[in-house]
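> I would like to see how this sequence folds:
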Amino acid sequence: MNVTKYKTINGSIIIASGETPVFVVPQSRVVLGSPANNHWRIYPNPGKNFITIDSLYDNSLISLINSSGQIIKSERSSNFRYTMALPNLVAGMYFIKIDDIYGTHSLPFIKTNR
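As a prediction, the model looks like this:
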């Protein structure tokens, strides 16, 4: 899929190729987990060469997951901030899964090539 643009509507993320919507993440799926623990931040989003995740706990397991649910890679964080390189990823929708002392949480992000 060649993502040409994305936008948010009422909290939902809409991915489009040209003018055709190809993927929608409903608002209820944008951030999963306990409301008290939804404080992570992924930036830049969309990202081209890397993304950074803030507000992690030591030894959190960070997994990169594609839109088919396949784990692309997993690494452990060693501090509050973690940067993940995205050099060989195809443009599209991905998720970051965070396993920490409070449970498992998923955050969406978009990989672009521009």
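
> enumerate every residue touching the nearest residue to Ala85 once chain neighbours are set aside.
Distances taken as Cβ to Cβ, 6 or more residues apart in numbering place Phe50 nearest to Ala85, at 5.2 Å, with adjacent residues excluded. In this view, the C-beta of every residue, glycine as well, is placed from N, C-alpha and C. Listed by Cβ atoms under 8 Å, 6 or more residues apart in numbering, the contact partners of Phe50 are Thr83, Met84, Ala85, Leu86.

> for the buried ones among the residues you listed, write the corresponding PyMOL selection.
Buried members of the contacts of Phe50 can be picked out in PyMOL with the line below, counting by 16 or more other Cβ atoms under 10 Å:
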select buried, resi 84+86
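
> dump the contacts of Phe50 into JSON lines; add secondary structure as well.
Shown next, in JSON lines, are the contacts of Phe50 (DSSP: H, G, I helix; E, B strand; the rest coil):
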{"residue": "Thr83", "secondary structure": "strand"}
{"residue": "Met84", "secondary structure": "strand"}
{"residue": "Ala85", "secondary structure": "strand"}
{"residue": "Leu86", "secondary structure": "coil"}
